[in-house]
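K.L.:
quick one, fold the following:
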Amino acid sequence: MKQIILIVALLLFFSEAPLRAEGLDYYFSPHITFDSAIPTPEEFLGYPIGSRISEHSRINAYYERLNELSDRTTLLEIGRTHENRKLYVLVASSPENIRNFDRYRASREGARKGERPDTPLIIFLGNAVHGNESSSADAALLTAYYFTAARGNEVERQLEEGIWFIDPVRNPDGLERFASWINANVSLNGHNTSPYDREHTEGWPRGRGNHYWFDLNRDWVNLVHPESRARVALYQKWLPHVQADHHEMGTNSSFFFEPTDPEGNESRFVPQSNYKLNRLFADYYAKALDRIGSFYYTKESYDNKNPNFGSTYPDYNGGVGILFEQGSSRGIQQESENGLVTYPFTIRNQLVTTLATVEAALANREALFDLQQEFFQPATGREAARAYVVGDSHDRSRLNKFIGLLLAHRLEVYENNADLVIDSLLYERGKSYIIPAGQANSALVGIIFDNKKDYADEIADKLGYGAGFSVVFSTGLSYGETSSARRGNRITEVPDPTLPTLQESPYAYLVDYRNSGSQSLLFTLLENNILIKTASKPFSVKTEAGEHDFSYGSLLIPVSNQPISSRELHEILRKAGEQAKVEIIPVTTGLNVRGVDLGSSAFSMVEKPKVLVVTGGDISSTEAGEVWHLFDQQLRYPLTRIDSDNLARVPLHEFNRIIFVSGNYDFLGERQLEELNYWIRNGGTLITVNRASRWAVNAKLSSEKIVNSVDSITSGEKRQPGSRLREQLPTSVFQTRIDLEHPLAFGLTSPHLPVARENRFFLAHSENSVSLYSDDPLLNGYIPGEQLEKIKGSTSISVNRSDRGNVILFVEDPLFRGIWDATTRTFVNAVLFGNSVSNR
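P.N.:
As a prediction, this is how the structure comes out:
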């Protein structure tokens, strides 16, 4: 009887409730009048706002129509997504301001010099950087309608005093994926409100990420993706005073707006006047939500330090960034602990807080101008001389990439015109650069070169998503701090390397593998079925251009025994070298001046990888996306993605590399595990990443041991329910030491290898260890004292030999956010040399 009552109660609770269509009077004050010549979103789109998820294409079409009809707007196409969708920003202001748009843009350069340009307020209104957080995108339709169609003194004042950049969808590819899911799965004659309904349980990889499943709200500084590069280029042109960043959160939550908890969440690089304005703005949001009866909270959660967030990037650029989080309906309507959450309700909350931003900004105009002027004042005295020097004598590709990143953020970079020694490291003239620490935007420079690691244990649970944000560590480049560097010329674009014309050789060609561009070059040659060897020992050759030293991993391309003619080989090498911007050196003899000769057994053939990565199910879409992006965008090499529920049907012998990223691999039964073991023993290489490495130990695919406590070690420690939070670290940076002679380290020039880490499981040091944590490992961020003792001397990378194959364990995510170049090299080496590596 009790079961029957429960079933009936559930049926009543999760009923199919009809959704009431909401008109403009639901979203706007009845006191606002609108121009009937401007079509409402409903008139243009053919459905009431909130009755379906608006696709990006429809939003763009509406913006195009508004721009045709209104003299208050100009429509900017700032770029394209990976899937070639247009990135539109609708700029709204008074007709006079629109006519002076270009003049205002030029005058904004003065703000970067600490001046006070005579311009209207510049406000960016950003929405839907996570594609499945769509309510703000639909709200952006109403925001655009308001600025173009509303009439009266209030809106005219807003348009005269401000230039409003409405960015409706910051992740169009993700939004299209989400909209397609919801609109295809919604019930048409009554909306199922159960959180378990298919409508509300979006399929893998979900719409949060972009085309490659990356989180674009972790990319504002990293600039891995075209969406971010376009957006930051626009940002740096205008240096807005305020940027609103609208998101969604769990359905059982209400609405969050800043301020965040000041303890542990305020950056030492950001002036306090920024946080004061943040608190002043909060009053406007509270009043706006109070008027419509919506509940909200502040200060309890969310990180306010990570410069890769859309709500914090402005804080490091002289503006005020503000985060908004709306409890999500994740569909059209859904039951929550607080009652029914409808899509129109979430849209209205996003809209009223957007309009509250308008009022808050105008009311605090002078304080916003003061903040920006104060922010961009360069340092004086001793601080003005302090600078960072960064360089690499062998890897021009990696150095240029980092310098390009700094320039994209409009930071000052200067040539280093003299050899300089800092902490026993040589920074060569022409192969290193100087970045003044006290330049006008010292805050962004400070966080990019951050090395803070003294957080107190008491605030650990308030550190949010991360504690270590240093970008320079991700490059693996050498850098130092000095006050004696003499600056050369300031550079405004990345120098293009000048490559000598490749002369045809009848004998062989060599490539210095220390240039990271050589990895993409190698994959291009493998895709063309070129035979390539790699050196396990260093050597030196003499050519007409002089003597060249080659280190571990250097590439040898013999002319003989190739499947093509010497002329065809030369042409392929010429094009590949130019594309990768890597010098290829022709040689005419195998006799070297030092080290091994070219016919030595120290050169081994590089096997052509046939790579599979497991996707779908409970696999991390972010980490799988990092692998996909690496192969597709950087290496330009085929990668086969197999969903977990299809893996049993795949003939594994057609592949020689399999990649497991973090996820739940319980779908692999005993028979499949045996098949996987058989595949490894017969020459396959299994590469596991992050938490997949722990799974591999538990599944007995590796003989490694997990450190269970400071004093004890257990083999195959089982994960306990509810242990996720205990395993999670705020993202931090650690120092490891790698064996430079090991194939996984080929191309690296320093044994010191910084890694990004988020998990809390630790592999014990063993004979299989290739890379180990140092005795003083924390470089930037936080780790509890107990965990710090575990991590010292533990394994970062291990190679487990199994007959003819290998299991290669990466304890961290070596491709973290697509920006961690130093460890990306070791991962690519695992793919390239996986069949031949061992613990040596």
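K.L.:
quick one, domains of the chain?
P.N.:
2-375, 382-490, 508-605, 611-833 (automatic domain parsing).
K.L.:
dump the ones you listed to CSV, plus distance to residue 497 and mean neighbour count.
P.N.:
No exception for glycine: its C-beta is placed from N, CA and C like everyone else's. Formatted as CSV, these follow (distance: least, CB to CB, whole Å; neighbours: other CB atoms under 10 Å):
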stretch, distance to residue 497, mean neighbour count
domain 2-375, 21, 20
domain 382-490, 6, 18
domain 508-605, 5, 18
domain 611-833, 17, 19
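K.L.:
now distance to residue 501 and mean pLDDT too, for those domains, in a markdown table please.
P.N.:
Converted to a markdown table, the domains of the chain look like this (distance: least, CB to CB, whole Å; pLDDT from 0 to 100):
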| stretch | distance to residue 501 | mean pLDDT |
| --- | --- | --- |
| domain 2-375 | 32 | 94 |
| domain 382-490 | 18 | 92 |
| domain 508-605 | 8 | 96 |
| domain 611-833 | 24 | 91 |
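K.L.:
adding distance to residue 496, write those out as TSV.
P.N.:
TSV is the format used below for the domains of the chain (distance: least, CB to CB, whole Å):
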stretch	distance to residue 496
domain 2-375	18
domain 382-490	9
domain 508-605	8
domain 611-833	19
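K.L.:
dihedrals phi and psi, residue 111?
P.N.:
phi -60, psi -40 (degrees, to the nearest 10).
K.L.:
relative to residue 755, how far out is it?
P.N.:
Using CB to CB, to the nearest Å, residue 111 is found at 38 Å from residue 755.
K.L.:
cool, and residue 626?
P.N.:
14 Å.
K.L.:
so what's residue 587 up against?
P.N.:
505, 507, 508, 509, 510, 541, 543, 598 (CB atoms under 8 Å, 6 or more residues apart in numbering).
K.L.:
kindly recompute the last result at 6 Å.
P.N.:
507, 508, 510, 541 (CB atoms under 6 Å, 6 or more residues apart in numbering).
K.L.:
quick one: which of those is nearest residue 377?
P.N.:
residue 510 (51.2 Å; CB to CB).
K.L.:
wait, residue 397 touches residue 515, no?
P.N.:
Yes - at 5.4 Å, residue 397 counts as touching residue 515 under the criterion of CB atoms under 6 Å.
K.L.:
residue 542: what secondary structure?
P.N.:
strand (DSSP: H, G, I helix; E, B strand; the rest coil).
K.L.:
I'd guessed it sits against residue 593; true?
P.N.:
Yes - under the criterion of CB under 6 Å, residue 542 makes contact with residue 593 at 5.0 Å.
K.L.:
the domains of the chain: which one's closest to residue 499?
P.N.:
Here domain 508-605 is closest among these (CB to CB), at 5.4 Å.
K.L.:
so how many other residues sit close to residue 492?
P.N.:
9 (other CB atoms under 10 Å).
K.L.:
need phi/psi at it.
P.N.:
phi -120, psi 0.
K.L.:
how about the strands in the stretch 201-350 of the chain?
P.N.:
Per DSSP state E, counting those that start in this stretch, the stretch 201-350 of the chain carries strands over the ranges 242-249, 255-257, 320-327, 333-336, 339-342.
K.L.:
for residue 295, what are its contacts?
P.N.:
Contacts of residue 295 (CB under 6 Å, 6+ apart): residue 254.
K.L.:
swap in 10 Å and give it another go.
P.N.:
Counting by CB atoms under 10 Å, 6 or more residues apart in numbering, residue 295 touches 253, 254, 255, 289, 327, 338, 349.
K.L.:
circling back to that earlier point, next, show the common contact partners of residue 397 and residue 515.
P.N.:
Joint contacts of residue 397 and residue 515 (CB under 10 Å, 6+ apart) are 497, 580, 581, 582.
K.L.:
would you point out the most distant pair within those residues?
P.N.:
So, those by CB to CB: farthest apart are 497 and 580, at 10.5 Å.
K.L.:
need the overlap of contacts for those two.
P.N.:
With CB under 10 Å, 6+ apart, residue 497 and residue 580 have common neighbours 397, 515, 517.
K.L.:
save these as CSV, and put in distance to residue 825 and secondary structure too.
P.N.:
As requested, the shared contacts of residue 497 and residue 580 are exported to CSV (distance: CB to CB, whole Å; DSSP: H, G, I helix; E, B strand; the rest coil):
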residue, distance to residue 825, secondary structure
397, 11, helix
515, 11, coil
517, 11, helix
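K.L.:
turn the residues you listed into JSON lines, including distance to residue 589.
P.N.:
Converted to JSON lines, those look like this (distance: CB to CB, whole Å):
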{"residue": "397", "distance to residue 589": "28"}
{"residue": "515", "distance to residue 589": "23"}
{"residue": "517", "distance to residue 589": "26"}
